[in-house]
Each structure stands twice: as structure tokens, then as C-alpha cells.
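> give me the fold of what follows.
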Amino acid sequence: MRLRRFPKAVGVPEMNPIRHCSWILCLFIAVSAAAHEGGHGPADMHESRIWTTKAGTLTFQGVFEAARDGKVFVRSTEGKVISLDFETLSSNDRKWVDAKMARIREINANRVPLRLVSRSEQALPDDSPAHVLRAAFAPFEKALGLRWDDRYFYVESDGMPDHPMMIGITAWQQQVPIPQNYKGTNAWRIPLYPVPARKPMSAKDNFFRGAIALAINGIPIFNPIKNDGVTDTNLAGELDKFGGHCGRADDYHYHLPPTHLQDKAGKGRPIAYALDGYPIFGFDETDGTPARDLDKFNGHKDAEGKYHYHSTKDYPYLNGGFFGEVTERDGQVDPQPHADPVRPALPPLRGATITGFERTQNDKTMVVKYDLNGDKRGVRYTFREDGSIHFSYDEGTEGVRTETYRRDGRNRGDQPKRKDQQKKDARKKGGPQGKNEPRKKGDRNPPAKNGGPQGDARNEEPNPEPNDSVQIDAPRSGKFLLKSPAFASGSKMPLEFTGDGAGVSPPLSWEEAPAKTASFALVMDHITRDGERKVYWVLWDIPASSRSLPKNSSEIGTTGATWKPGEDYVPPRSAGPGEKTYKITLYALSEKPAPQARGGKVTRDELLAAIRGKVLDSAEMKVLYERPE
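The predicted model follows:
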């Protein structure tokens, strides 16, 4: 009989990782006693059953996986995990789930200590998937919790590597590394038996949220491309020397393959596992020769026909998608663990460079040091016995402020500076100039989910310019003018040119271009309330003779990449309350640019890098749009 560890979500208290011990006999009792109205025996826990919604609109067969936060997770006969709202299930199904959770809680509340049996001591064939995975994570086993069942290998961690973090980052979101609770039902899971996908999915067009792989030290690895769908986090200066940074939940994660782990992993050993179950190796094959003949996902099969991924120094860096079967939901692999934020997510701090990271021997206090335009600053935070985290913000010449945060939300001390104050501070330090946008009634900073810029969909509002990978000083004489026959600068965009209308690009015209103009280039973008730049329109190689673009233009110039893969013009349709500001900038160039595309179409950053030093003049329009209720 196969015994499993029940998920905490259905009532079983968290146990020590199976690498230490497993309540084998206790679990036997729980499995044998748990039942529902049908009164089935032990196998019932993992046997397939028919699930039906109370409206009768959906009926399918599947195996119960877990229940938490008002959701029931069921694995279909095709192997995909389906998330269902508990309240939408039929009465019988709800009773079944309620009875199961209640019975398991009752049994485990009355359990007695029994002899501990170490599953890790059980003999495993050397070629068994569980043995192979356990051996891969073994170099970091003391810091991890490792366990497995019939289908998955589970990795528990606190998300904190043993190396220094954040040093070298020049595009900083003001987040710092805080331990996360990737344990119990929130542990990482890797399929023991990966299955080639019928329709493999590329990370170029998908998975801009959440992790796509897990390093052997228990640190998640996100898509190297951030959630705008185009920006390479490595090229943008957002990563430290180990290829990582912190997300909006103060969760540390990598965006590059952790090749620094190769020494501890051993030559020819994997340094990570993709979430489809296939291993990720370093730059070389197991025999030490450089990896070659890689497919579009950065992988290939070995002499035995076993598929695996490799690391590369250029994009896609690691698995460029999934050769294996995964479930994609809301832009990420599902299910996967979530990070829990303690502080509000903060906007980018332009001009900051992280210079140091320190922590005490017991990891009770950590310090992130940074330089802001020559001013030495730092964030010191201490983990207290009551579970709170005390922050001390040394803001150099501006003094020190403190704040204490708790995961239950009962915070005290100086409140973090809001965006209007941060704008003022930025001006003092030579940061971005601009009008302070008033916060509208009901606006708030949304909580981070799953951390990182890949974290979640966010409400948006005008913000200071983010610290992008490419900034150029574009002359603006005021004589070179950009207009539209459909709307004036500063006015509302007509519905026709938005995502709530026809979604076509607007007509534009310009006048008084410099006499020596050889070409024009155009960028339309928007800064979200969280300081992220989203690019809606990139157009270059516009002939010098052109003085306008017609509505729904497709014949003039060359289109570049937008935040939405496959769309040359993304019509404004930003979520969240209040008006959003979209900026259209036209550049008059002294010569035709020759941007170098990393892959696919030219991005905004690649275009601006190509026109740096070639801008004769520039013109700008701002347009507003608020989604109808």
C-alpha cells in the first residue's frame, strides 16, 4: 500500500520533512479512517470520482488533490489540476469535501506518538526518479525539506540562499530579501515522471508571472523576461551578481540559471529543475563538453533519449519554455507556491545602486546598503521573537526613519513614504521631474502576490519614470510638434483607439521637423502605479518624407515589440480606477537606426539604444483614458 503525506490545507498539521521522519502509522490510520458519504475504504482518498457543479453545467472525473482558501483542487484524468470554487460544487461534492476535512482534523487531533520511520532510509533504486531528484538537492539538504509521493517530489525552503544578495543592482524596486514560507502545502513540487507536452509552450510568449524552475538550493527561478513581456531583467540592471533580486513580496528569486551552484552540485550534475520535471544543467554536458544543438527551449536529448535543458550566457539563459506538460493559469505555472508580503510594494528608486549586503550569524538582522547619487544609505531590518520585523531606513542626509511590520497587518512606526513624497525626494537628488499626480479616492497599493515584477496584475496610475535599462537625453526645441486630428494632447483618447473600442492605432501628424532629419521613430508607453513601464506601440524606420500616420497605420515604418506579444499596437485598456496617462513620443533622427534585436521584434530599449546620440529633436503627446464602468 502506498502512503502519502496529507496536505496541511485539508487539516493535517505540518510535520517534519520526510528526510527526517514520517508518521507512517499515523498516516495509515488517517487514510483508513477518512471517508465520505459513500463510505469507501482507504483507496478512496486517491481514487477518481465524478465531480459536478450545482448548476449542472460541468461534470468531469478526477482525483481530489487539496482544498484551501475556498478552492478545491482536482486532478483530471488528463493529468491537469483544475481549480474549482467550493461554493460552485454540487451539494454532494461539498458534503464530501467537508466530511473529508473534518474527519482528518479529528483523527490527527487525537493521534498518539508512534515509532518514527525514516523514508529517506528506505532503499530506492539508483535510477528511480525520487532517488535522482533527492541526489540533486542533496548538497543543500540541511536547509531544505525533501519528500515525495507517487507523482511529485516536494521541496520546502525559506527562499533564502546562503550567498550575498542584491549587490550590483542598479534598477531597484526598494524590496529586500525576507524569508518565505515555502513549506507544507505551499512547498515547491516537481513531477517525478515528466511527460512531453503535446503543444509545448514558449516562455517568450507565456509565463511572465511566477517561477518556471527551482534551483537545487530551493530558490525559485522566474522567466528572464519581466511581466511587460519584452524587458530582459539581466540587461535592465535589475539582477545581482548571482542573477537574482527581490519581488514585490520581498521574496528573493533568480531570473538567470544558478551556474554558481555547479561546484556544490558536482561536475555533470543538474543545477535546477524546470517545473515540468526536466533537469537543467550548466553550460556543459555531463562529459564536460560544451552543450550544443539546443532546441528553442534550450534543451535536447542525451544519448539515452532523456530530455534535459542547459544554461546559456545569452537569452533564453535556461529553459525557454516547457518541453514537458504543465498547466498554465493566469500567466504562470499552476499550481505553485505563493510568497507572503509584509510591507507595501514600493516604486523604483531611480539613481540607486546596491553596494552591500550583510547579515548576522544567526540571520536575525540583515542590512542592504545602497548609494543614491553619492549619498550612502541603507535598510537594516531585524526579525524579532514576536514574529514582527523592525525596519530602520537610513536615508543619508535626510535622516533615519523606522517601521515595524507584522504579517497580520498590525504595523506601527513611521509610515513608508508615499509616491508624492518619493517624487519630491527624487527631485532633490536629481531624479525624475514631473507633476505630482493626486491620489484618487479609493486608490490603494495592492498587495503583492507571488512576488517579483512577475507577481500579479496591478492597478495603475501615473508614476515617476522607472529606472529602465535605456534612458536617452532627447532634445526638445518646442518647434517640432506632434498632433492628432482625433484628439488634443492632454485630452481623453476616443473609444475607437482603445481596447474597449475598435482598438486601432490613432492618426498622428507632425510639423517643423529638423531640416537634416533622415528618419523618424515613435514610442507609446505608460507607467503603471507600481512604476512598471508598459510599451503599447513601437515604430521605427519611418521615412524622412513622412509627415503623418493614418488611422490603423500598417504601411509606414517598421513595427517593434509591445508588452503584449504578437500585437503591433496594444490599445489602452489598463485595469484599475481612475484615468491613466499614455505618452506618445516622436524622435527626429540624424540617420536611420540599426537596432539589434535580441530575439523577435525590436524592443523599446533596443530602439532607444540604437538612436542614442542620433536624436535631432523630439515631440510628445499625452493622452488620457479611463475605462467605462
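> where do the strands sit along the stretch 101-250 of the chain?
For the stretch 101-250 of the chain, the strands defined by DSSP state E, counting those that start in this stretch occupy 145-148, 152-156, 188-191, 196-202, 211-215, 220-222, 244-246.
> mean confidence for stretch 568-576?
Mean pLDDT, stretch 568-576: 84.
> in it, which residues are buried?
Buried residues in stretch 568-576, counted by 16 or more other Cβ atoms under 10 Å: 568-572, 574, 576. Every residue, glycine included, has its C-beta placed from N, CA and C.
> turn the residues you listed into TSV, columns for distance to residue 144 and secondary structure.
What follows is these, written out as TSV (distance: Cβ to Cβ, whole Å; DSSP: H, G, I helix; E, B strand; the rest coil):
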residue	distance to residue 144	secondary structure
568	46	coil
569	47	strand
570	41	coil
571	46	coil
572	45	coil
574	40	coil
576	39	coil
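> from the residues you listed, which is closest to residue 149?
Lowest distance from residue 149 to those (Cβ to Cβ) belongs to residue 576, with 41.0 Å.
> where does pLDDT dip in this protein?
Scanning the chain for pLDDT under 70 picks out 1-48, 57-58, 77-80, 103-127, 408-470, 575-576, 629.
> hang on, the earlier thing: go through the buried residues of stretch 568-576 and say which is closest to residue 51.
Of the buried residues of stretch 568-576, the one sitting nearest to residue 51 (Cβ to Cβ) turns out to be residue 576, at 34.8 Å.
> which parts of the stretch 251-400 of the chain are helices?
Secondary structure of the stretch 251-400 of the chain by DSSP state H, counting those that start in this stretch: the helices cover 262-265.
> can you show me the strands along it?
Per DSSP E, counting those that start in this stretch, the stretch 251-400 of the chain carries strands over the ranges 252-254, 272-274, 279-281, 299-301, 307-310, 321-324, 328-329, 332-333, 352-359, 365-372, 375-383, 389-394, 400-405.
> pick the most deeply packed of those.
strand 272-274 (a mean of 29; mean count of other Cβ atoms under 10 Å).
> ok, back up a step: would you turn the strands of the stretch 101-250 of the chain into a markdown table with distance to residue 357 and mean neighbour count?
As requested, the strands of the stretch 101-250 of the chain are exported to a markdown table (distance: least, Cβ to Cβ, whole Å; neighbours: other Cβ atoms under 10 Å):
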| stretch | distance to residue 357 | mean neighbour count |
| --- | --- | --- |
| strand 145-148 | 25 | 24 |
| strand 152-156 | 24 | 23 |
| strand 188-191 | 24 | 22 |
| strand 196-202 | 34 | 12 |
| strand 211-215 | 18 | 28 |
| strand 220-222 | 19 | 29 |
| strand 244-246 | 11 | 27 |
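> for those strands, which one sits closest to residue 333?
Using Cβ to Cβ, the nearest of these to residue 333 is strand 211-215, at 6.5 Å.
> residue 81 and residue 589: what is the separation?
Distance of residue 81 to residue 589, computed by Cβ to Cβ, to the nearest Å: 51 Å.
> okay, those two: which has more neighbours?
A direct count of neighbours by other Cβ atoms under 10 Å for residue 81 and residue 589 places residue 589 higher, at 25 against 16.
> can you list phi and psi of the more buried one for me?
Main-chain torsions, residue 589, degrees, to the nearest 10: phi -110, psi 150.
> that one contacts residue 611, doesn't it?
Yes - counting by Cβ atoms under 8 Å, residue 589 touches residue 611, with 5.7 Å between them.
> tell me, what's touching the two both at once?
residue 521 (Cβ atoms under 8 Å, 6 or more residues apart in numbering).
> of all the buried residues of stretch 568-576, which comes closest to residue 482?
Closest to residue 482, out of all of those and judged by Cβ to Cβ, is residue 569, at 16.4 Å.
> and that closest one, how far is that from residue 292?
39 Å.
> would you mark the buried spots in the one helix or strand residue 60 maps to?
If you go by DSSP states H and E, residue 60 is part of strand 59-68. Across strand 59-68, burial judged by 16+ other Cβ under 10 Å covers 62-67.
> C-terminal to it, what's the next element?
Of the helices and strands lying after strand 59-68 in sequence (DSSP H and E), the nearest is strand 71-76.
> domain parsing of this structure, as residue ranges.
Annotated domains of the chain cover 8-121, 129-333, 352-428, 481-625 [automatic domain parsing].
> the longest one spans what distance, first to last residue?
For domain 129-333, the first and last residues are 21 Å from each other (Cα to Cα, to the nearest Å).
> and the last one, by the same measure?
One end of domain 481-625 to the other measures 22 Å (Cα to Cα).
> make TSV out of the strands of the stretch 101-250 of the chain and add distance to residue 493.
Shown next, in TSV, are the strands of the stretch 101-250 of the chain (distance: least, Cβ to Cβ, whole Å):
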stretch	distance to residue 493
strand 145-148	52
strand 152-156	47
strand 188-191	43
strand 196-202	32
strand 211-215	35
strand 220-222	33
strand 244-246	34
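> how near is residue 203 to residue 210?
11 Å.
> look at these two and report which has more neighbours.
For residue 203 versus residue 210, the count of surrounding residues by other Cβ under 10 Å is larger for residue 210: 31 against 24.
> neighbours of residue 471, how many?
For residue 471, the neighbour count with other Cβ under 10 Å is 14.
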